[in-house]
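**Q** Using only what follows, build the 3D model:
(chains A and B)
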Amino acid sequence: MIGFIRSLGRWGLGTLERLGRGHIFLMHTLAGLPGLFLRPALVIQQLFSLGVLSVLIVLISGLFVGMVLGLQGYNTLVDFGAEESLGVLVSLSLVRELGPVVTALLFAGRAGSALTAEVGLMKSTEQLSGMEMMAVDPVRRVIAPRFLAGFISMPLLAAMFSAIGVIGAFIVGHGLLGVDEGAFWSQMQTKTDWYGDVMNGVIKSIVFGFVVTWIALYEGYDATPTSEGVGRATTRTVVHSAFAILGLDFVLTALMFGDI
Amino acid sequence: MLQKKSTEILVGLFVALGIGALFMLAMKVSNLADFSDERGYQVTAQFQNTGGLKVRSPVTMAGVRVGRVAAIELDPITYNAKVTINMHPQFDNIPADTSASIFTAGLLGEQYISLDAGADDFYLQDGDELMLTQSALVLEQVIGQFLYSVAEGN
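**A** Numbers count the residues shown, from 1 in each chain, chains lettered A, B, ... in the order given. Coordinates of the predicted model:
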């Protein structure tokens, strides 16, 4: 009995400690951001590996999600004779929810896990301690550029996802199912609000980018420096990112779209 | 050096693609392109009942959109709804005795204001009021009247 309570206490203390270290880590990273204006090449290198290399998966997934939305939406709407509203259905669901959330999940799987593995391996091969020995702050040199690059990439990727999704739905809706082209676009434009819908989606994607990059970098930086530890850290990145994205999505939706 | 250059080009393309996607969302998907017609002149109209009319609902004349609803408020003296309409500046020759009615697009669609041109020699100015109005049709009232008239007939 005592042993159970003790292990519960150890677990609670350990979780609190990790949370605290995570926030101190975030503060260090944020403090390292201004120095990046002197060395933009570091950020551009990371924008390439986080952003450019994720474009293909985001575009392909976005296209197929949009096409599926077009098919499913049409099959439901046609029962009510409202198939002209397909554009509204697709644009609102993509711009408000699916764009930011699915992109963030893909980003966590594609870029977040790579970040954790990279930083964790740097730690286990003692490259980070090596930098410290040479009086180079690894947080400023390694972590901060990756953080900024992830933070910039996410909204851009989410915008691409939503845009290509709408195009995919248009291809299926107009080309395959014969929804009228004018009604598709005009209904979409009257019902989709720039500030209320598109900008809120952008805010969501910025928040998700911040959280996913933070979790990925922290898990890598805090990983047990063994091959098993790096593997576990990578798994934790994906799992924790998914939890954080879906949980935060509910909170943000309640704040921005619900009248709570 | 060459590799660094191509990295920079690809990152530049990536940023441009992202901003281009946002631009497409703004212009093609959302109603940002409509925002340019905000400036124009404003007229008001009093309705006994606005039904489901909302701010930014369209105002049409012969089916052509000539403005948008800018505000809906309750007049404290007459207890009618006072609707302010933003008219597009290009439609500046609408007769002053034009009448306004609230209609529904389709059976269950959204509600909009339809203007019927009058025959006055004077044109609507900024701040004018449309005197001839017809309220929204409330389905319950129509059904009530119908039942009442059926009962009368018997």
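**Q** Okay, A:Leu98 and chain B: tell me how far apart.
**A** 13 Å (Cβ to the nearest Cβ, to the nearest Å). Every residue, glycine included, has its C-beta placed from N, CA and C.
**Q** now the helix ranked longest in chain B, how far from the chain's geometric center?
**A** In terms of residue count, the longest helix belonging to chain B (DSSP state H) is helix B:2-24. Taking Cα atoms, centre = their mean, to the nearest Å, the mean C-alpha location of helix B:2-24 is offset from the chain mean by 39 Å.
**Q** Tell me the buried residues in it?
**A** Buried positions in helix B:2-24, judged by neighbour count with 16 or more other Cβ atoms under 10 Å in any protein chain shown: B:Thr7, B:Glu8, B:Leu10, B:Val11, B:Phe14, B:Val15, B:Leu17, B:Gly18, B:Ala21, B:Leu22, B:Met24.
**Q** Who is the residue most central in space within chain B paired with across the strands?
**A** Closest residue to the average C-alpha location of chain B: B:Pro58 at 2.1 Å, with Cα atoms, centre = their mean. As for beta bridges, B:Pro58 partners with B:Arg68 under DSSP bridges.
**Q** so which of the buried residues of helix B:2-24 comes closest to chain A?
**A** B:Gly18 (2.6 Å; Cβ to the nearest Cβ).
**Q** which bits of chain A sit near chain B?
**A** A:41, A:44-45, A:47-48, A:51-52, A:55, A:91, A:95, A:153, A:155-157, A:159-160, A:162-164, A:166, A:185, A:188-190, A:192-194, A:197-198, A:202 (Cβ under 8 Å from any Cβ of the partner chain).
**Q** Now the stretch 101-250 of chain A against chain B: closest residue?
**A** Here the stretch 101-250 of chain A gets closest to chain B at one residue, A:Leu156, 2.6 Å apart by Cβ to the nearest Cβ.
**Q** what helix or strand does that residue sit in?
**A** helix A:144-170 (DSSP states H and E).
**Q** Show the subsequent helix or strand relative to the strand or helix carrying A:Phe208.
**A** In the assignment (DSSP H and E), A:Phe208 maps to helix A:200-221. The element immediately downstream of helix A:200-221 (helix or strand, assigned by DSSP H and E) is helix A:227-256.
**Q** Specify the angle between that next one and helix A:200-221 in degrees.
**A** Angle, helix A:227-256 to helix A:200-221, by axes from the mean of the first three to the mean of the last three Cα atoms, to 10 degrees: 160 degrees.
**Q** Got the domain ranges for chain B?
**A** Following automatic domain parsing, one finds the domains of chain B at B:2-32, B:39-144.
**Q** Can I get these in a markdown table including mean pLDDT?
**A** A markdown table is the format used below for these (pLDDT from 0 to 100):
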| stretch | mean pLDDT |
| --- | --- |
| domain B:2-32 | 82 |
| domain B:39-144 | 85 |
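**Q** Which one, of the ones you listed, ends up nearest to A:His240?
**A** domain B:2-32 (25.9 Å; Cβ to Cβ).
**Q** Assign a three-state SS to A:Thr76, would you?
**A** What DSSP: H, G, I helix; E, B strand; the rest coil gives for A:Thr76 is helix.
**Q** what about A:Val90, neighbour count?
**A** Per other Cβ atoms under 10 Å in any protein chain shown, the neighbour tally for A:Val90 reads 31.
**Q** so how many other residues sit close to A:Ile44?
**A** For A:Ile44, the neighbour count with other Cβ under 10 Å is 19.
**Q** Would you agree B:Gln90 falls within a strand?
**A** No. Judged by three-state DSSP, B:Gln90 forms no part of a strand; its state is coil.
**Q** Got phi/psi on it?
**A** For B:Gln90, the backbone dihedrals (degrees, to the nearest 10) come out as phi -70, psi -20.
**Q** mind checking how far it is from B:Val64?
**A** Distance, B:Gln90 to B:Val64, using Cβ to Cβ, to the nearest Å: 11 Å.
**Q** got it, and A:Val65?
**A** As judged by Cβ to Cβ, A:Val65 and B:Val64 stand 37 Å apart.
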